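> Curious how this folds, go ahead:
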Amino acid sequence: MRLGIFISELIRVMEGKYIDELNDSEIEDSINRSVRIMKQYGLNCGEISISNIDKLERVAKTTSRIDNFDFLLHELGQYSATKLSLANSDEREKIVEGLKTTIDYASDGNIRVLTIHPATYNPEKPGYAYSEDLPNYLKVKEAWKISTNLLKHISNYARKKNVILGLENMPSAVLYRGEILKCPHFGITRNEFFKIISEVNNPALKVTFDVGHANTVFQPCYYIEGKVKLIAHIHLHDNDGRFDCHAPLGTGTVNMFFLFKVLKDEGYSESIVI
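You can find the predicted model right below:
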(Lines give C-alpha, C1' and ligand atoms only; values in the text may rest on other atoms or scores of the structure.)
Protein backbone atom coordinates (compact mmCIF):
# COMPACT_ATOMS: atom_id res chain seq x y z
CA MET A 1 0.00 0.00 0.00
CA ARG A 2 1.35 3.42 -0.98
CA LEU A 3 0.56 6.62 0.92
CA GLY A 4 0.75 10.18 -0.35
CA ILE A 5 -0.82 13.61 -0.72
CA PHE A 6 -1.88 15.96 -3.50
CA ILE A 7 1.38 17.21 -5.02
CA SER A 8 -0.47 20.19 -6.45
CA GLU A 9 -1.45 21.30 -2.94
CA LEU A 10 2.13 20.96 -1.67
CA ILE A 11 3.29 23.07 -4.60
CA ARG A 12 0.65 25.70 -3.83
CA VAL A 13 1.94 25.94 -0.26
CA MET A 14 5.59 26.09 -1.31
CA GLU A 15 5.20 28.46 -4.26
CA GLY A 16 2.22 30.49 -3.11
CA LYS A 17 0.41 29.82 -6.38
CA TYR A 18 -1.19 27.02 -8.37
CA ILE A 19 0.63 24.84 -10.92
CA ASP A 20 -1.32 26.57 -13.68
CA GLU A 21 0.29 29.88 -12.69
CA LEU A 22 3.87 28.56 -12.94
CA ASN A 23 6.11 28.72 -16.01
CA ASP A 24 7.65 25.58 -17.47
CA SER A 25 10.89 25.68 -15.49
CA GLU A 26 9.00 26.40 -12.26
CA ILE A 27 6.69 23.44 -12.88
CA GLU A 28 9.64 21.09 -13.35
CA ASP A 29 11.48 22.42 -10.32
CA SER A 30 8.45 22.40 -8.01
CA ILE A 31 7.45 18.83 -8.91
CA ASN A 32 10.99 17.55 -8.41
CA ARG A 33 11.28 19.32 -5.04
CA SER A 34 7.87 18.07 -3.94
CA VAL A 35 8.74 14.46 -4.72
CA ARG A 36 12.06 14.75 -2.86
CA ILE A 37 10.30 16.16 0.21
CA MET A 38 7.58 13.52 0.11
CA LYS A 39 10.10 10.70 -0.18
CA GLN A 40 11.93 12.05 2.87
CA TYR A 41 8.72 11.50 4.85
CA GLY A 42 8.11 8.03 3.44
CA LEU A 43 5.40 9.10 1.01
CA ASN A 44 5.63 7.32 -2.33
CA CYS A 45 2.61 8.45 -4.33
CA GLY A 46 1.12 11.80 -5.21
CA GLU A 47 -1.84 13.18 -7.12
CA ILE A 48 -1.84 16.21 -9.39
CA SER A 49 -4.81 18.49 -9.97
CA ILE A 50 -4.44 20.99 -12.79
CA SER A 51 -6.78 23.14 -14.89
CA ASN A 52 -4.76 23.99 -18.00
CA ILE A 53 -4.16 21.17 -20.48
CA ASP A 54 -1.18 23.03 -21.96
CA LYS A 55 0.48 23.04 -18.54
CA LEU A 56 -0.27 19.33 -18.27
CA GLU A 57 2.14 18.73 -21.15
CA ARG A 58 5.00 20.16 -19.06
CA VAL A 59 3.85 18.21 -16.01
CA ALA A 60 3.93 14.97 -18.02
CA LYS A 61 7.42 15.67 -19.33
CA THR A 62 8.60 16.14 -15.76
CA THR A 63 6.88 13.13 -14.22
CA SER A 64 8.11 10.88 -17.04
CA ARG A 65 11.68 11.40 -15.81
CA ILE A 66 11.00 10.53 -12.15
CA ASP A 67 11.42 6.91 -11.09
CA ASN A 68 10.14 4.96 -8.08
CA PHE A 69 7.13 7.18 -7.49
CA ASP A 70 3.45 6.55 -8.19
CA PHE A 71 1.89 9.52 -10.00
CA LEU A 72 -1.87 10.02 -10.21
CA LEU A 73 -3.87 12.66 -12.05
CA HIS A 74 -7.25 14.25 -11.39
CA GLU A 75 -9.33 15.04 -14.46
CA LEU A 76 -9.32 18.62 -15.72
CA GLY A 77 -12.51 20.55 -15.07
CA GLN A 78 -12.58 21.75 -18.66
CA TYR A 79 -12.70 18.16 -19.90
CA SER A 80 -14.45 16.47 -17.00
CA ALA A 81 -16.29 13.20 -17.63
CA THR A 82 -19.23 14.77 -15.78
CA LYS A 83 -19.85 16.56 -19.09
CA LEU A 84 -20.26 13.39 -21.15
CA SER A 85 -24.00 13.94 -20.71
CA LEU A 86 -24.17 17.47 -22.10
CA ALA A 87 -27.25 17.94 -24.27
CA ASN A 88 -25.21 19.42 -27.11
CA SER A 89 -23.56 16.60 -29.08
CA ASP A 90 -20.79 18.87 -30.41
CA GLU A 91 -19.88 19.85 -26.87
CA ARG A 92 -19.85 16.18 -25.83
CA GLU A 93 -17.41 15.45 -28.65
CA LYS A 94 -15.09 18.19 -27.36
CA ILE A 95 -15.13 16.55 -23.93
CA VAL A 96 -14.30 13.15 -25.43
CA GLU A 97 -11.37 14.58 -27.37
CA GLY A 98 -10.17 16.49 -24.31
CA LEU A 99 -10.27 13.33 -22.21
CA LYS A 100 -8.30 11.48 -24.87
CA THR A 101 -5.66 14.20 -24.85
CA THR A 102 -5.53 13.99 -21.06
CA ILE A 103 -5.06 10.21 -21.34
CA ASP A 104 -2.25 10.78 -23.87
CA TYR A 105 -0.41 13.03 -21.44
CA ALA A 106 -0.99 10.61 -18.58
CA SER A 107 0.49 7.83 -20.69
CA ASP A 108 3.49 9.95 -21.71
CA GLY A 109 4.01 11.07 -18.12
CA ASN A 110 4.08 7.61 -16.53
CA ILE A 111 0.91 8.49 -14.61
CA ARG A 112 -0.81 5.33 -13.44
CA VAL A 113 -4.38 6.47 -12.73
CA LEU A 114 -6.51 9.25 -14.18
CA THR A 115 -9.43 9.91 -11.84
CA ILE A 116 -12.68 10.79 -13.62
CA HIS A 117 -16.22 11.52 -12.40
CA PRO A 118 -19.58 10.03 -13.39
CA ALA A 119 -21.89 12.09 -15.56
CA THR A 120 -24.18 14.92 -14.50
CA TYR A 121 -27.89 14.76 -15.35
CA ASN A 122 -30.85 17.14 -15.39
CA PRO A 123 -33.24 15.98 -12.62
CA GLU A 124 -35.93 18.45 -13.72
CA LYS A 125 -36.83 19.30 -10.13
CA PRO A 126 -35.58 21.63 -7.38
CA GLY A 127 -33.28 20.79 -4.50
CA TYR A 128 -30.16 20.07 -6.54
CA ALA A 129 -26.84 21.91 -6.62
CA TYR A 130 -25.65 23.68 -9.78
CA SER A 131 -29.27 24.26 -10.86
CA GLU A 132 -28.26 27.10 -13.18
CA ASP A 133 -26.23 24.69 -15.32
CA LEU A 134 -28.52 21.65 -15.30
CA PRO A 135 -30.67 22.70 -18.32
CA ASN A 136 -27.50 22.14 -20.39
CA TYR A 137 -27.56 18.43 -19.52
CA LEU A 138 -29.63 15.49 -20.69
CA LYS A 139 -32.47 14.05 -18.64
CA VAL A 140 -31.76 11.02 -16.49
CA LYS A 141 -32.50 8.12 -18.83
CA GLU A 142 -30.77 9.56 -21.88
CA ALA A 143 -27.87 10.92 -19.81
CA TRP A 144 -27.21 7.43 -18.43
CA LYS A 145 -27.30 5.77 -21.85
CA ILE A 146 -25.11 8.27 -23.66
CA SER A 147 -22.55 8.77 -20.89
CA THR A 148 -22.15 5.03 -20.36
CA ASN A 149 -21.56 4.45 -24.07
CA LEU A 150 -18.98 7.24 -24.16
CA LEU A 151 -17.27 5.78 -21.08
CA LYS A 152 -16.93 2.51 -22.99
CA HIS A 153 -15.27 4.37 -25.85
CA ILE A 154 -12.92 6.30 -23.58
CA SER A 155 -12.05 3.18 -21.58
CA ASN A 156 -11.04 1.39 -24.77
CA TYR A 157 -8.76 4.31 -25.60
CA ALA A 158 -7.23 4.33 -22.11
CA ARG A 159 -6.59 0.59 -22.32
CA LYS A 160 -4.60 1.06 -25.53
CA LYS A 161 -2.57 3.77 -23.80
CA ASN A 162 -1.99 1.63 -20.69
CA VAL A 163 -3.69 4.16 -18.41
CA ILE A 164 -6.16 3.20 -15.69
CA LEU A 165 -9.29 5.32 -15.40
CA GLY A 166 -10.41 5.59 -11.80
CA LEU A 167 -14.14 6.32 -11.69
CA GLU A 168 -14.83 8.23 -8.48
CA ASN A 169 -17.97 7.62 -6.42
CA MET A 170 -19.90 10.85 -5.87
CA PRO A 171 -21.31 12.47 -2.70
CA SER A 172 -25.03 12.55 -2.04
CA ALA A 173 -24.96 16.25 -1.11
CA VAL A 174 -22.77 19.36 -1.14
CA LEU A 175 -22.89 22.74 0.54
CA TYR A 176 -23.79 25.06 -2.33
CA ARG A 177 -24.45 28.77 -1.89
CA GLY A 178 -25.26 28.36 1.78
CA GLU A 179 -27.57 25.36 1.35
CA ILE A 180 -27.10 21.60 1.60
CA LEU A 181 -28.31 20.40 -1.79
CA LYS A 182 -28.41 17.05 -3.57
CA CYS A 183 -25.81 16.23 -6.20
CA PRO A 184 -27.08 15.76 -9.77
CA HIS A 185 -24.58 13.01 -10.60
CA PHE A 186 -24.70 9.32 -11.28
CA GLY A 187 -22.58 7.04 -9.11
CA ILE A 188 -23.74 8.14 -5.66
CA THR A 189 -25.34 4.99 -4.28
CA ARG A 190 -23.29 1.81 -4.06
CA ASN A 191 -25.49 -0.16 -6.45
CA GLU A 192 -25.62 2.54 -9.09
CA PHE A 193 -21.90 3.26 -8.90
CA PHE A 194 -20.84 -0.34 -9.40
CA LYS A 195 -23.49 -0.73 -12.10
CA ILE A 196 -21.55 1.81 -14.17
CA ILE A 197 -18.37 -0.22 -13.73
CA SER A 198 -20.23 -3.40 -14.65
CA GLU A 199 -21.91 -1.96 -17.75
CA VAL A 200 -18.69 -0.52 -19.14
CA ASN A 201 -16.97 -3.84 -18.38
CA ASN A 202 -13.44 -2.83 -19.30
CA PRO A 203 -10.30 -3.63 -17.27
CA ALA A 204 -9.11 -0.06 -17.89
CA LEU A 205 -12.05 1.34 -15.89
CA LYS A 206 -11.50 0.78 -12.20
CA VAL A 207 -12.44 2.72 -9.07
CA THR A 208 -11.02 5.76 -7.36
CA PHE A 209 -12.74 5.27 -4.03
CA ASP A 210 -13.53 8.55 -2.30
CA VAL A 211 -13.99 7.82 1.40
CA GLY A 212 -15.61 11.15 2.26
CA HIS A 213 -18.06 10.91 -0.62
CA ALA A 214 -19.08 7.41 0.45
CA ASN A 215 -19.62 8.63 4.02
CA THR A 216 -22.46 10.86 2.79
CA VAL A 217 -24.26 7.64 1.78
CA PHE A 218 -23.27 5.29 4.62
CA GLN A 219 -20.12 4.03 6.32
CA PRO A 220 -17.36 3.65 3.69
CA CYS A 221 -16.42 0.17 4.91
CA TYR A 222 -19.83 -1.09 3.79
CA TYR A 223 -19.63 0.77 0.48
CA ILE A 224 -16.53 -1.15 -0.65
CA GLU A 225 -17.04 -4.47 1.12
CA GLY A 226 -16.61 -7.20 -1.48
CA LYS A 227 -15.44 -4.70 -4.12
CA VAL A 228 -11.89 -3.84 -3.04
CA LYS A 229 -10.37 -5.73 -5.97
CA LEU A 230 -11.86 -3.07 -8.28
CA ILE A 231 -10.15 -0.15 -6.51
CA ALA A 232 -7.08 1.39 -8.15
CA HIS A 233 -6.75 4.47 -5.94
CA ILE A 234 -8.27 6.02 -2.78
CA HIS A 235 -9.04 9.60 -1.71
CA LEU A 236 -9.06 9.73 2.09
CA HIS A 237 -10.83 12.53 3.96
CA ASP A 238 -13.62 12.95 6.51
CA ASN A 239 -17.02 14.59 7.11
CA ASP A 240 -20.02 14.22 9.41
CA GLY A 241 -22.12 12.42 6.81
CA ARG A 242 -24.36 15.37 5.87
CA PHE A 243 -22.39 16.64 2.88
CA ASP A 244 -18.96 16.54 1.25
CA CYS A 245 -16.53 19.01 2.83
CA HIS A 246 -13.08 17.34 2.67
CA ALA A 247 -12.58 17.64 6.43
CA PRO A 248 -9.36 16.52 8.20
CA LEU A 249 -9.18 12.90 9.28
CA GLY A 250 -10.66 12.28 12.71
CA THR A 251 -12.97 15.29 12.66
CA GLY A 252 -15.95 13.46 11.16
CA THR A 253 -17.79 10.17 11.43
CA VAL A 254 -15.78 7.89 9.12
CA ASN A 255 -14.94 4.70 11.01
CA MET A 256 -11.29 4.36 10.00
CA PHE A 257 -10.77 1.10 11.91
CA PHE A 258 -13.43 -0.81 9.98
CA LEU A 259 -12.48 0.88 6.70
CA PHE A 260 -8.89 -0.27 6.94
CA LYS A 261 -9.98 -3.68 8.19
CA VAL A 262 -11.93 -4.23 4.97
CA LEU A 263 -9.01 -2.95 2.89
CA LYS A 264 -6.61 -5.29 4.70
CA ASP A 265 -8.91 -8.31 4.63
CA GLU A 266 -9.48 -7.91 0.88
CA GLY A 267 -5.79 -7.33 0.10
CA TYR A 268 -5.69 -3.70 -0.99
CA SER A 269 -2.16 -2.79 -2.08
CA GLU A 270 -2.56 0.32 -4.24
CA SER A 271 -2.38 4.06 -3.45
CA ILE A 272 -4.06 6.26 -0.84
CA VAL A 273 -3.89 10.05 -1.05
CA ILE A 274 -4.90 12.22 1.91
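> Strands along this protein, start to end?
Assigned by DSSP state E, the strands in the chain fall at 2-6, 45-49, 70-74, 111-116, 164-168, 173-176, 179-182, 205-210, 231-235, 271-273.
> Can I get the ones you listed in CSV including mean pLDDT and mean neighbour count?
Backbone N, C-alpha and C define where each C-beta goes, glycine included. Conversion of the strands of the chain to CSV gives the following (pLDDT from 0 to 100; neighbours: other C-beta atoms under 10 Å):
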stretch, mean pLDDT, mean neighbour count
strand 2-6, 98, 18
strand 45-49, 98, 23
strand 70-74, 99, 24
strand 111-116, 99, 24
strand 164-168, 99, 26
strand 173-176, 97, 17
strand 179-182, 98, 15
strand 205-210, 99, 26
strand 231-235, 99, 23
strand 271-273, 99, 23
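> so which of the ones you listed gets nearest Phe260?
strand 271-273 (9.6 Å; C-beta to C-beta).
> what packs against that closest one?
strand 2-6, strand 45-49, strand 70-74, strand 231-235 (3 or more C-beta pairs under 8 Å, 6 or more residues apart in numbering; DSSP states H and E).
> Kindly recompute the last result at 10 Å.
Helices and strands touching strand 271-273, as assessed by 3 or more C-beta pairs under 10 Å, 6 or more residues apart in numbering; DSSP states H and E, comprise strand 2-6, strand 45-49, strand 70-74, strand 111-116, strand 205-210, strand 231-235.
> follow-up on the earlier one: and the strands of the chain as TSV, adding distance to Lys100?
As requested, the strands of the chain are exported to TSV (distance: least, C-beta to C-beta, whole Å):
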stretch	distance to Lys100
strand 2-6	24
strand 45-49	18
strand 70-74	14
strand 111-116	11
strand 164-168	12
strand 173-176	29
strand 179-182	31
strand 205-210	15
strand 231-235	19
strand 271-273	24
